[in-house]
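# mind looking at a prediction? Sequence and model below.
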Amino acid sequence: MKELLGKDMRLTNQRKIIMEQLQSVTSHPTADEIYGMVREKMPRISLGTVYRNLEVLSTLGLVRKLENAAGQKRFDGDMSPHHHIRCQVCGKVGDIFDAPDISGIEDEIATDFEITGVSLEFSGICPECRSHRDPEQ
């Protein structure tokens, strides 16, 4: 993996711990939540360091950054092909692994853009928020 990173983008101990913590959960945490997890192993790490390293790891394709129009970024340590669903009420993000294959869909899109990737995110209301909204469920 070190060859992948190059000289200026080496896998530092901080990056390794951030990646390990992110890969240990399925909750798609925010940078602040990752900071809380990482501080248990590295009490002196700063929030800014976590933010910077998440951006580097995302740029390198080692973690996935999930952004929405509201601006809240969440991160995913699972780099296998899958889609996401986001709760419209609380912002929780879940994985969808069994969606139909959409590989090649970019060939069907009429645009003058050069398409460099596809990201599909569904939206809905999670079971917890739905139960608060409708006590009969």
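Nice, thanks for sending it over. Numbering: from 1, shown residues only.
# list the buried residues of stretch 65-83.
66, 74, 75, 76, 77, 83 (16 or more other Cβ atoms under 10 Å). (C-beta placed from N, C-alpha, C; glycine too.)
# could you export those residues as CSV, including secondary structure, pLDDT and distance to residue 107?
Shown next, in CSV, are the buried residues of stretch 65-83 (DSSP: H, G, I helix; E, B strand; the rest coil; pLDDT from 0 to 100; distance: Cβ to Cβ, whole Å):
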residue, secondary structure, pLDDT, distance to residue 107
66, strand, 92, 25
74, strand, 94, 29
75, strand, 96, 29
76, strand, 96, 26
77, coil, 95, 30
83, strand, 90, 19
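# closest one to residue 20 out of the residues you listed, please.
Nearest to residue 20 among the buried residues of stretch 65-83, counting by Cβ to Cβ, is residue 77 at 8.4 Å.
# which ones are touching that closest one?
19, 22, 23, 24, 25, 63, 64 (Cβ atoms under 8 Å, 6 or more residues apart in numbering).
# do residue 17 as well
38, 41, 42.
# looking at these, which has the most residues close by?
Within the contacts of residue 17, residue 38 tops the neighbour count with 21 neighbours, counted by other Cβ atoms under 10 Å.
# for the chain, what helix or strand is lowest in average pLDDT?
helix 2-5 (a mean of 48; mean pLDDT, DSSP states H and E).
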